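> Compute the structure for the input listed below.
(chains A, B, C and D)
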2 protein chains.
Amino acid sequence: MRKRATAKEVAEAAGVSKWTVIRAFTPGASITEASRQKVLQAAETLNYSPNLLARSLATNTTHQVAVFVDDFANPHKLPVLEMLTERLQAEGLLTVLININRHFDHVHALINADQRQFDAVILFGTAFREETLGDRRLGPGFPPMFVLARDSQIPGVPAIACNAELALSEIVDYLFDKGYRRPGFMAGARTLSTALGRRHHYASFWRAKGIEGVTELAAERYSAQAGAEAARTYLSTTAPGSRVDVLMCENDILALGAMDVARSEFGLEVPQDLAVVGFDNIELGGAPAYGLTSYEQPAGEMVDAIVAMITGKRDAEMVVMPGRLVPRSSA
Amino acid sequence: MRKRATAKEVAEAAGVSKWTVIRAFTPGASITEASRQKVLQAAETLNYSPNLLARSLATNTTHQVAVFVDDFANPHKLPVLEMLTERLQAEGLLTVLININRHFDHVHALINADQRQFDAVILFGTAFREETLGDRRLGPGFPPMFVLARDSQIPGVPAIACNAELALSEIVDYLFDKGYRRPGFMAGARTLSTALGRRHHYASFWRAKGIEGVTELAAERYSAQAGAEAARTYLSTTAPGSRVDVLMCENDILALGAMDVARSEFGLEVPQDLAVVGFDNIELGGAPAYGLTSYEQPAGEMVDAIVAMITGKRDAEMVVMPGRLVPRSSA
DNA sequence: TTGTACGCGTTATCAT
DNA sequence: ATGATAACGCGTACAA
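Prediction:
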């Protein structure tokens, strides 16, 4: 394994000082075209390219952004990760994907992010508790943090998310107009106050329509299986006559699981016997096999916004964006 | 933004030299418990932790692994990424997720990976052409590379994959026993010779059963939509009597798209009118709405193997592992 | 066990 | 325009 060539070696080969070599690789540096060519020539033969690690140490900027994820069961994460990595890379930033779990929690990850001098940290839908910031090991001077695709009231940590109030308003309007009157809501495992937004808005908009009492189903996790189990439990303990007529799920993956159970295990027709609504508008929800009515977050704009904030082209502050109701056959 | 404390500052606060501070943070270094405690105390109050960037520069090891991905349409990527990040993190390694696309190709990404001194590069199912390694900017001394979840005959780049020959043998045996005799194969966009393995084995095992000629459908990409289009084109240009009776798709996501079209647009019953088989065994394929017969790769073992190779606990060499046929209702 | 000199490869700043 | 000095923060090798 041959070592990488250094600026010093290129300098010797080109017969100049190593600082001239640096200048040849610095856009807009003052250097004569002659020595510039000499350097590039030497660099070419020596196969030299600047060591980004050393550059980072000297400039205090790594051009690396950490993205925290704690929920890999939701297929919706993938297209967003695709956009995120693409736009970040377009800005010269690389994405460090960090799996937040029992063995590697937020505090652990944040300390690591700080030690590695990441330029920013994105909390991509993770269950982040504000108290975490109180950890005494986490001081100021940490990489700027952003919350993506989830509400957050954490001071100093701006959230870039879909407007939940508007979304639920549109959804409830749509369902009410369709004639549904006995609403149910399936929540995932999240217990954070900031994460209860969808449920809260859902209930309050129904209330505004004169309908009190949203039946709640609780899923253990955010996965199709968890959604299936929650639906199974509910349907098997509730007589057909007293069931909800529309079930809104906190996200699509829960909705698909619920829909499967309703149809295949209880022989229910969707939406006649039970209507189902999801959130995220994942690709498979739109397949004919499901035809899931859902709500699409403006992922592209959200990603653009967060990247603009990271690169300093936009003020870092909370922003909520309108999404889009995607009506299909399930409700 | 307060600056991070350095070892030097901690040294002054603790009344020792900075090298003693280093030792206090170096497992197994020779240092008295007394000064060790003094240092840790001072570090605690100053909120010091070693700068991993500087450490990397000095040790020539970043504890970062690049993972190249060029296909974000396949939901199968997500659970594997979850395992990969988890196991890597357990070994103290972080994952840099790199999106390979038109604007950021393999050569670009490899040069970057080298400049950043990544400890290893994982080609996670990307369409990597051997010629790429011929690029003169890519010399020896590059980070070790591995191919995950795809065959590869590239010298010096070991592949960790599911045994395609065994897999297709099991699949064809199963289909033949079920009575299917007119096999079709839907391939994705891949044109690499190394990627034609599944198709090749599929055809040759059918031939071994005395069945010549596998009908080929070509999808433009690897997505449900592409699978749907390919199926639509085929079904609308082929009379019912001369159609294949079983369609094997290169992966599940293509299969789901094809199945949707067959059922909803052509009114076909699966598997009576057309049987469908996929590959990867993604979660939604197992849902009652599809019941997709598929083949599961031993993702956990594959990830374990590649991580062991990266950490040097195992020789870096090609390894193929047996997977598992998952028979369901679609074939 | 502890302290010293030096190197890692780059950038910033000043002097020529 | 070019060269030189210092600094980034830590690790290794060696001496004390």
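> got any ranges where chain A has weak pLDDT?
Low-confidence segments of chain A (pLDDT under 70): A:1-2, A:136, A:139-141, A:192-195.
> Show the subsequent helix or strand relative to the helix or strand where A:Ala66 lies.
Using DSSP states H and E, A:Ala66 maps to strand A:64-69. Per DSSP H and E, the first helix or strand lying C-terminal to strand A:64-69 is helix A:77-90.
> Give me the residue at the spatial middle of chain A.
Central residue of chain A (Cα atoms, centre = their mean): A:Phe124, 3.4 Å from the mean position.
> in the sheet, who's paired with it?
Beta-bridge pairing for A:Phe124 (DSSP bridges): A:Leu148.
> Report the separation between it and A:Gly210.
Distance, A:Phe124 to A:Gly210, by Cβ to Cβ, to the nearest Å: 38 Å. The C-beta positions use only the backbone N, C-alpha and C, and glycine is treated the same way.
> quick one on the thing from earlier: neighbouring strands - and their directions - for the strand holding A:Ala66?
When DSSP bridges is applied, strand A:64-69 pairs with strand A:94-99 (parallel), strand A:120-124 (parallel).
> closest to A:Arg23 out of those strands?
Among those, the nearest to A:Arg23 by Cβ to Cβ is strand A:94-99 (25.3 Å).
> Is chain B within reach of the next helix or strand after the closest one?
With elements assigned by DSSP H and E, the helix or strand that comes after strand A:94-99 is helix A:106-115. Yes - Helix A:106-115 lies within reach of chain B by Cβ under 8 Å from any Cβ of the partner chain, at A:Ile111, A:Asn112, A:Asp114, A:Gln115.
> Check the gap between the closest residue to the third one other than its chain neighbours and DNA strand D for me.
Nearest in space to A:Asp114, with sequence neighbours left out and distances taken as Cβ to Cβ, 6 or more residues apart in numbering or on different chains, is A:Phe142 at 5.3 Å. From A:Phe142 over to DNA strand D the distance is 15 Å, taken as Cβ to the nearest atom of the strand, to the nearest Å.
> wait, isn't A:Phe142 in contact with A:Arg116?
No - between A:Phe142 and A:Arg116 there is no contact under Cβ atoms under 8 Å: 11.7 Å.
> Neighbour count for the two, which is higher?
Remark: of A:Phe142 and A:Arg116, A:Arg116 carries more neighbours, 22 against 18, as counted by other Cβ atoms under 10 Å in any protein chain shown.
> who's in contact with the closest residue to the more buried one other than its chain neighbours?
Computed as Cβ to Cβ, 6+ apart, the closest residue to A:Arg116 that is not its neighbour in sequence is B:Leu52, at 4.8 Å. Neighbouring residues of B:Leu52 by Cβ atoms under 8 Å, 6 or more residues apart in numbering or on different chains: A:Asn112, A:Gln115, A:Arg116, A:Gln117, B:His63.
> residues contacting the fourth one?
Yep, that's A:Gln117 we're talking about. A:Ser56, A:Asn60, A:Thr61, A:Thr62, A:Pro143, B:Asn51, B:Leu52, B:Leu53.
> Double-check that the residue nearest to A:Asp114 belongs to a helix.
No - counting by DSSP: H, G, I helix; E, B strand; the rest coil, A:Phe142 falls outside a helix, being coil.
> how close does it get to A:Val121?
In terms of Cβ to Cβ, A:Phe142 sits 8 Å off from A:Val121.
> Likewise for A:Gly227?
For A:Gly227, the distance to A:Val121 (Cβ to Cβ) stands at 30 Å.
> Same drill for these two, tell me which one is more crowded.
Between A:Gly227 and A:Val121, counting by other Cβ under 10 Å, A:Gly227 is the more crowded of the two (32 against 25).
> Just say helix, strand or coil for the nearest residue in space to A:Phe205 that is not next to it in sequence.
Spatial nearest neighbour of A:Phe205, excluding adjacent residues (Cβ to Cβ, 6+ apart): A:Val172 at 3.9 Å. At A:Val172 the chain is in helix, as set by three-state DSSP.
> Next, the angle helix A:106-115 makes with the strand holding A:Ala66.
Counting by axes from the mean of the first three to the mean of the last three Cα atoms, to 10 degrees, strand A:64-69 lies at 170 degrees to helix A:106-115.
> Output strand A:64-69 as CSV, nothing but the C-alphas.
Provided in CSV are the C-alpha atoms of strand A:64-69 (Å, rounded to 0.1, in the frame of the first residue of the first chain):
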residue,chain,number,x,y,z
GLN,A,64,-19.4,16.2,6.8
VAL,A,65,-22.9,16.3,8.2
ALA,A,66,-24.3,13.7,10.6
VAL,A,67,-27.7,12.3,10.0
PHE,A,68,-29.3,10.6,13.0
VAL,A,69,-31.9,7.9,12.3
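> how long is stretch A:285-305 from one end to the other?
In stretch A:285-305, first residue to last residue: 26 Å (Cα to Cα, to the nearest Å).
> now it, how far from the centre of its chain.
On the basis of Cα atoms, centre = their mean, to the nearest Å, stretch A:285-305 is displaced by 13 Å from the centre of the chain it belongs to.
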